[in-house]
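[1] sequence first, then the predicted structure:
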Amino acid sequence: MHANDPVLRFRGSVASGPANTALEVAGQVISYIELDRLSDAFANAVTDAGHGGKRVAFTARRDGPWSYAAFLGLLKAGCAAVPLLPEGPLHRWNMMLQGADVQVMLAHPDPDPLELELRSARTGTVWLEPAADGAITTGVDVMVGPEAEAYIMFTSGSTGVPKGVAVSRGNLAAYIGSFLDRFKVTSSDRCSQHFALAFDLSMHDLFITWSAGACLCVPADSGGLRAASWVRREAIDVWFSVPSLAAVMRRGRMLIPKTMPSLRLAFFCGEALPWDLVDAFRSAAPHARVVNLYGPTEATIAITYHEVGGSFGMRGTVPIGRPLGSDRVVILDEDGRSAEEGELLLSGPQVTKGYLNAPDAMARAFVRLPDDDVLWYRTGDLVKQDVDGVLHFQGRADHQVKVLGHRIEPGEVDDALRSRLEGGNAVTVPISMSGVLRLITFVDVPVDVPGLLEHLRTVLPSAWIPERIVVMDALPRTASGKWDRGQLKQWFEHE
């Protein structure tokens, strides 16, 4: 095993502080030795049944310690964990299980109706029931190499079929080592856990926290409406979320100056991070170092970082920075030549080997460059590198659209509106209207629509001006916390 293997790091934390708190969830306080025993029960159940080293799925609920122990126990058994979003839907679960060739599942001791329906539908699946009381104390660590799969996460597919990404133990170990070398999380820290457990950023929450011997704290409300008071009440030291969560807090007027004094580290990932949102968050958490992380699922959690220095009054979004560890980046223009501006490609120890059972998607996204024998991942993200070597996110290649012959990144409209929304949010999506592509902007605060359009005309070319600005009570978010552009598009088309 690699020195930074998550199981070895967890074992080290158990040895150095067995009575320290490893997890606080749903009113339960679980020590490191207790979590060790709980996860041993999972590992033993899997290995005793002859399924060690296989892909094993489970419904990843955040309503107790069960799912957290499941993740850890499956890694102890040398398995690849396949977490499923608790809300389903059943059709998507079946696609994911089929796409990852999963034949074994963990049965939750208190199954919800959807899991019971899945059990009835998948009669050929092996269902295991680990001991729930942590009575088994003899652990089984299956020795596996860095190439062994740690977990399978699914990304949205352009065809509507989710693509499985197999993240190896070596990929995860590389991230753990690079992150903890750069940011010192300690055994006395209390770390937030906002992400759904079927979203890859949650793997940071679990394995960075437990590698450092710290405490993982799971809020009852993951929507953000009470997040600031939760941070203050629970004395949270280390924060990690998508920017959208902080945006919801700002809209709810929760980012009041000095309301989160305990925070010393604040990490954001998953979306572009606006500078003005950083200002608002730093006002509420004046002692926190704010860091923007960037990384697709295919490159294991986060692969670049940028720590914010001075920011007050800056416009646009925070850079995505430089590689966190030894991974490499290259930028290619539309002709495939190395450039300072274009599509970002990644390679290195954090980059996975690709998709499961999706050869067409694999061939498009994972490529080899001339005179270079390593595998590169094409992110589809457009970036620009400044004179200091810092990467700046410019948008998505697949979000760019042509409107009236102009190539447009809808996020530019959102950036232009942000200063006029008084803490509100804007999401612009391209929608076909009578066969012609137009931009529609959705905002979540009451606004003077004519005034906003007039403002846009002073700062953007005419082709960038949205056809309509729609005011909503709230903007929908995906299970991973990002703005749900697909749902906005569907809502508008069926209005």
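    Received, thanks. Residues are numbered from 1 along each chain as shown.

[2] low pLDDT regions in this protein?
    Residues of the chain meeting the criterion pLDDT under 70: 1, 132-141, 156-160, 222-224, 311-313, 400, 402-407, 434-436.

[3] where is the longest helix in it?
    Longest helix in the chain, counting residues (DSSP state H): helix 32-48.

[4] and that one, how far out from the chain middle?
    Chain-centre distance of helix 32-48: 26 Å, with Cα atoms, centre = their mean, to the nearest Å.

[5] now for residue 462, how many residues are close by?
    As a burial measure, residue 462 scores 10 neighbours (other Cβ atoms under 10 Å). Where you see a C-beta, it was placed from the backbone N, CA and C, and this is true even at glycine.

[6] so how far is residue 453 from it?
    11 Å (Cβ to Cβ, to the nearest Å).

[7] before we move on, the earlier item: what about the following helix or strand past the longest helix of the chain, distance to the chain center?
    Elements were assigned by DSSP states H and E; along the chain past helix 32-48, the next helix or strand is strand 55-59. Between the centre of strand 55-59 and the centre of its host chain there is 19 Å, according to Cα atoms, centre = their mean.

[8] return the set of buried residues in strand 55-59.
    Using 16 or more other Cβ atoms under 10 Å as the burial criterion, the residues of strand 55-59 that qualify are 55, 56, 57, 58, 59.

[9] correct me, but the second one touches residue 100?
    Same thing as residue 56. No - taking contacts as Cβ atoms under 8 Å, residue 56 lies outside contact range of residue 100: 10.2 Å.

[10] so residue 445 sits against residue 420, correct?
    No - contact criterion Cβ under 8 Å: residue 445 and residue 420 do not qualify, at 9.9 Å.

[11] mind checking the end-to-end distance for stretch 208-220?
    21 Å (Cα to Cα, to the nearest Å).

[12] then stretch 238-257?
    Stretch 238-257 end-to-end distance (Cα to Cα) = 18 Å.

[13] switch to numbering from 56
    Happy to do that; since the first residue is 56 now, the last one works out to stretch 293-312.

[14] next up, phi/psi of the most centrally placed residue in the chain, please.
    Taking Cα atoms, centre = their mean, the centroid of the chain lies closest to residue 256, which sits 3.3 Å from it. When read as degrees, to the nearest 10, the backbone of residue 256 gives phi -70, psi -20.

[15] what about it, distance to residue 364?
    For residue 256, the distance to residue 364 (Cβ to Cβ) stands at 24 Å.

[16] now residue 500
    Residue 500 is 29 Å from residue 364, by Cβ to Cβ.

[17] who's more crowded, the two?
    Looking at residue 500 and residue 364 with other Cβ under 10 Å, you find the greater number of neighbours at residue 500, namely 15 against 7.

[18] and what about that one, helix, strand or coil?
    Put simply, residue 500 is coil when judged by DSSP: H, G, I helix; E, B strand; the rest coil.

[19] now do the contacts for the residue lying closest to it once chain neighbours are set aside.
    Distance criterion Cβ to Cβ, 6 or more residues apart in numbering; nearest residue to residue 500, sequence neighbours excluded, is residue 479 at 3.1 Å. Residue 479 makes contact with 306, 498, 499, 500, 502, according to Cβ atoms under 8 Å, 6 or more residues apart in numbering.

[20] so how do I select the buried members of those residues in PyMOL?
    Buried residues within the contacts of residue 479, by 16+ other Cβ under 10 Å, are selected in PyMOL with:
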select buried, resi 306+498+499+502
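
[21] doesn't residue 250 lie inside a strand?
    No - read with three-state DSSP, residue 250 is coil and lies in no strand.

[22] and for it, the neighbour number?
    Neighbour number of residue 250 under other Cβ under 10 Å is 25.

[23] thought it was touching residue 257?
    Yes - judged on Cβ under 8 Å, residue 250 makes contact with residue 257 at a distance of 3.9 Å.

[24] could you chop the chain up by domain?
    Using automatic domain parsing, the domain ranges for the chain come out as 61-362, 454-548.

[25] please tell me how far the closest residue in space to residue 514 that isn't next to it in sequence sits from residue 479.
    Nearest residue to residue 514 in three dimensions, chain neighbours excluded: residue 471, at 5.1 Å (Cβ to Cβ, 6+ apart). For residue 471, the distance to residue 479 (Cβ to Cβ) stands at 14 Å.

[26] packing partners of the helix or strand containing residue 508?
    Using DSSP H and E, residue 508 falls within helix 504-514. On a contact count with 3 or more Cβ pairs under 8 Å, 6 or more residues apart in numbering; DSSP states H and E, helix 504-514 meets helix 466-473, strand 523-526.

[27] tell me what angle it forms with helix 466-473.
    Between helix 504-514 and helix 466-473, the angle comes out at 120 degrees (axes from the mean of the first three to the mean of the last three Cα atoms, to 10 degrees).

[28] other residues contacting helix 504-514?
    Applying Cβ under 8 Å, 6+ apart, the external contacts of helix 504-514 come out as 468, 471, 472, 475, 498, 519, 520, 521, 524, 526.

[29] surely the third one meets residue 500?
    No - shown here, residue 472 and residue 500 do not form a contact pair, counting by Cβ under 8 Å, at 10.6 Å.

[30] just grab the bridge partners of residue 383 for me.
    Here residue 383 sits in beta bridges with residue 402, as judged by DSSP bridges.

[31] now do residue 135
    Those that pair with residue 135 in a beta bridge, by DSSP bridges, are residue 110.

[32] that one and residue 197: what is the separation?
    Relative to residue 197, and taking Cβ to Cβ, residue 135 is found at 12 Å.

[33] so the two - more neighbours on which side?
    The residue with more neighbours, out of residue 135 and residue 197, is residue 135; 23 against 16, by other Cβ under 10 Å.

[34] ok, now which ones touch that one?
    With contact taken as Cβ under 8 Å, 6+ apart, residue 135 is in contact with 109, 110, 111, 129, 203, 204, 205, 206, 207, 221.

[35] of these, closest to residue 184?
    residue 111 (12.7 Å; Cβ to Cβ).

[36] would you map the helices across the stretch 206-355 of the chain?
    Here the stretch 206-355 of the chain has its helices, by DSSP state H, counting those that start in this stretch, at 224-237, 256-266, 282-289, 298-306, 330-339.

[37] gap between the residue lying closest to residue 134 once chain neighbours are set aside and residue 385?
    Excluding the flanking residues, the one nearest residue 134 by Cβ to Cβ, 6+ apart is residue 111, at 4.8 Å. Distance check for residue 111 against residue 385: by Cβ to Cβ, it reads 36 Å.

[38] between the helices of the stretch 206-355 of the chain, which one is nearest to residue 77?
    Here helix 256-266 is closest among the helices of the stretch 206-355 of the chain (Cβ to Cβ), at 6.3 Å.

[39] so what does the closest one touch, helix or strand wise?
    If contacts are counted by 3+ Cβ pairs under 8 Å, 6+ apart, helix 256-266 sits against helix 61-71, helix 121-131, helix 224-237, strand 245-247, strand 270-272, strand 293-296.
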